[in-house]
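# How does the following fold in three dimensions:
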Amino acid sequence: MKTFQTIGILAHPLRPGTVPIAQDLTRSLEDHHITTWMRTVWDMPNVRPLVHDSDLVVAIGGDGAMLRAARVCAPERVPVFGINTGYLGFLTEINPEEWEASLEALLAGRYWIEERMMIRYEIRRDGASLGTNDALNDVVINRGAIARSVRLETYIDGGWATTYHGDGLIIATPTGSTAYALAVGGPILPPELKNILVTPVAPHLSMDRPMVLSQGATITVVVEPQTLAEVFLTVDGELIASLEPSDEVVVRASDRITQFVRLRERNYFYRSLLDRLEPRVPPHTNRLPVGNSTDSSQNQG
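This next block holds a predicted model:
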């Protein structure tokens, strides 16, 4: 396993309790003779050069902090380790009280790297590109505050697929399948997949089923030219742009990936997810050996 010589710490500026954890972690890392930097204000242009020279970034906050850290770290191929001070913490790895024991495991090399796909979006207007960037969770095209449906022409690999009529459309990664897309009835995709999920929001007399696109597919969404409602583009929960009629949003798999540092077992995903979805279901004794879901003898012949 790679040894960490320089570790950066990004503490969520608006969540109470993140700064003391960051300060304690900084002191501990320095005691281990590791070069450390810490930021509690996420000024991305100034953070990026620090990330470039780092071996690991620790994000302290909730899933929003992990998403922001992922977007700044992915271009530099720097992995992210998450300490949860938020609510659900789907993407984080540990709780605040576990950081000291976890630090020892990290420095001893008892970790593994999980890779998750990202998607790249581009906004086009009158044939010109207005901007492009990456998302780890999702790209969402949705109506404004006025309760008026929008119509979104949708093309897959250049061919017209359908026109959605509703509140909006979610284009998500497998990571994003457990976020907004899950809340509107989308399926759960395991994080190792490389597929794009398309889920309509409150569709009205139009396609109402989520679609999982084949690996490598490109989806283009066009705001119908006669649209009168406000239409917005949000990426990983952040408002990016106001869209005009005939604007296009093109989404495909990104060349960049997010790397998360994990201490849990490699089959952690389903248990972690279901513990949050079914908090009242008591833990069940695992009757199968770890890593085996069926008797191998049943698959022979």
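# Could you use CA atoms for every contact and neighbour count after this?
Noted.
# where do the strands sit along the stretch 101-250 of the chain?
Per DSSP state E, counting those that start in this stretch, the stretch 101-250 of the chain carries strands over the ranges 112-125, 128-135, 138-143, 150-156, 159-166, 168-172, 197-201, 211-212, 219-223, 231-235, 238-243, 248-262.
# Can you lay out the ones you listed as TSV showing mean pLDDT and mean neighbour count?
Below are those laid out as TSV (pLDDT from 0 to 100; neighbours: other C-alpha atoms under 10 Å):
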stretch	mean pLDDT	mean neighbour count
strand 112-125	98	19
strand 128-135	97	16
strand 138-143	97	26
strand 150-156	97	22
strand 159-166	97	17
strand 168-172	98	27
strand 197-201	98	25
strand 211-212	98	17
strand 219-223	98	23
strand 231-235	97	20
strand 238-243	96	15
strand 248-262	98	21
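# what's the span of stretch 60-79 from first residue to last?
One end of stretch 60-79 sits 14 Å from the other (C-alpha to C-alpha, to the nearest Å).
# Now do the residue nearest to Asp53 when sequence neighbours are not counted, the pLDDT please.
Leaving aside its chain neighbours, Asp53 sits nearest to Thr6 (7.3 Å; criterion: C-alpha to C-alpha, 6 or more residues apart in numbering). Predicted confidence (pLDDT) for Thr6: 97.
# Any idea how many residues pack against Thr6?
18 (other C-alpha atoms under 10 Å).
# now swap in the one 4 residues further on and tell me
By the other C-alpha under 10 Å criterion, the neighbourhood of Leu10 contains 25 residues.
# I'd assumed Gly168 was in contact with Glu153.
No - with contact defined as C-alpha atoms under 8 Å, Glu153 does not reach Gly168; the gap is 11.3 Å.
# What does the pLDDT read for Leu14?
Reported pLDDT for Leu14: 82.
# any idea how far Ala105 is from it?
Leu14 is 29 Å from Ala105, where distance means C-alpha to C-alpha.
# Can you give me the domain assignment for this structure?
6-111+263-277, 118-255 (automatic domain parsing).
# Let's see the distance spanning the longest one from one end to the other.
When you say that, I think you mean domain 118-255. End-to-end span of domain 118-255 (C-alpha to C-alpha): 8 Å.
# Could you give the bridge partners of Asn84?
With DSSP bridges as the criterion, Asn84 is bridged to Gly61.
# I misspoke; the intended subject was Ile119.
The partner residues for Ile119, given DSSP bridges, come to Ala135, Ala253.
# Quick check: it touching Arg252?
Yes - between Ile119 and Arg252 there is a contact under C-alpha under 8 Å: 5.6 Å.
# Which residue, other than its chain neighbours, is closest to Ala74?
In this structure, Ala74 finds its nearest non-sequential neighbour in Thr258, 5.2 Å apart by C-alpha to C-alpha, 6+ apart.
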